[in-house]
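Asks: Turn this into a model:
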Amino acid sequence: MSELTGHRIRVTAARLGLPHLAEALTDYIRRADEGKLGYLDLMDLVLSEELAIRDDRRYRQGLRLSRLPHHKTLEDYDFAFQPELEPRKVKDLATLAFVEAKANVALLGPPGVGKTHIAVALAVAACRAGYSIYFTTLDDMVRNLKTAETAGRLVTKLASYVRPSVLVVDEVGYQPLERAEAHLVFQVISKRYEKDSIILTSNKSFGEWGQVFGDEVLATAILDRLLHHCDVISINGPSYRLKNRLRALDGESGTEWTWGRSSVRMWGTARVPR
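Replies: Numbering: from 1, shown residues only. Here you go, the predicted model:
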């Protein structure tokens, strides 16, 4: 290959937005010579690597914009610590069939059992597969929507929660909402209904959502839309956060510590308030 041809290829690749080809042209030629690649094989190699680099760049950009609190995966989740949680159910969700079907996922259980970890892991998998993702706690979403409403920018702010293919709403139920705040949540849920997916975590059973949203009728309307197409995962088990602390206390006091199972049995049943 002449120096002029190489220069022309690099300039053209850069203008086409193929920076890796522009940088690695000499290496591609060497690999083609060593492997005695034909023209089509060389073209396949170049395009495959360029696409992989572009996908990785998009993935990293998606994670950066997602506001995820961390980027943990299901490989980091200790299923052995939650023996009542069937790993297959969670791993089936990681196939992202629910995202393709524009369905939802609800992760219910007491604090510390790994609900947020699983929600984030599913969002990371969705991002890797090319879906847009966004993470928020319920309190942050409500606060941002109220601020936008006061400033006359509610429509624009709503769009930021409606636009992603997967919206993760964490910590539903940790703070009760006023009816006006619950109505803002309803608008997000309603606009996403059967259009894109929601992954939510909650420390409250569905039967308590009337108290969370300050209105039984509004809570039922929200649940009707969320649960119409939804996989519900209930996690009955001890807290990861307390695990090491309780073990330390056990060692200090010589007392055998146990987690109160009766306090979390409520998570086995999902009930819509009437």
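
Asks: mind showing which ranges of the chain have poor pLDDT?
Replies: Scanning the chain for pLDDT under 70 picks out 1, 241, 243-274.

Asks: Show me how it divides into domains.
Replies: Taking automatic domain parsing as the reference, the chain has its domains at 3-65, 67-268.

Asks: Report the distance from the first one to the chain centre.
Replies: It stands for domain 3-65. Domain 3-65 sits 31 Å away from the centroid of its parent chain (C-alpha atoms, centre = their mean, to the nearest Å).

Asks: What is the end-to-end distance of it?
Replies: Using C-alpha to C-alpha, to the nearest Å, the span of domain 3-65 from its first residue to its last is 41 Å.

Asks: now stretch 8-27
Replies: One end of stretch 8-27 sits 16 Å from the other (C-alpha to C-alpha).

Asks: what comes into contact with that stretch?
Replies: 6, 28, 46, 49-50, 53 (C-beta atoms under 8 Å, 6 or more residues apart in numbering). C-beta here means a position set from N, CA and C on the backbone, and glycine is covered the same way.

Asks: Closest one to Phe98 out of these, please.
Replies: For the contacts of stretch 8-27, the residue nearest Phe98 by C-beta to C-beta is Ile53; the value is 28.9 Å.

Asks: so which strand or helix has the closest one?
Replies: According to DSSP states H and E, Ile53 maps onto helix 39-66.

Asks: List the buried residues in the very next helix or strand once past that helix.
Replies: Where DSSP H and E defines the elements, the next helix or strand beyond helix 39-66 is helix 87-93. For helix 87-93, the neighbour count (16 or more other C-beta atoms under 10 Å) marks 90, 93 as buried.

Asks: just the helices in the chain please.
Replies: Assigned by DSSP state H, the helices in the chain fall at 3-15, 19-35, 39-66, 87-93, 97-100, 115-128, 138-150, 154-162, 179-192, 209-212, 216-227, 240-253.

Asks: okay, the angle between the second one and helix 3-15?
Replies: Helix 19-35 and helix 3-15 are oriented at 140 degrees to each other (axes from the mean of the first three to the mean of the last three C-alpha atoms, to 10 degrees).

Asks: what comes up buried for helix 19-35?
Replies: Neighbour-count burial for helix 19-35, counted by 16+ other C-beta under 10 Å, picks out 20-22, 24-25, 28, 32.

Asks: Much appreciated, bye for now.
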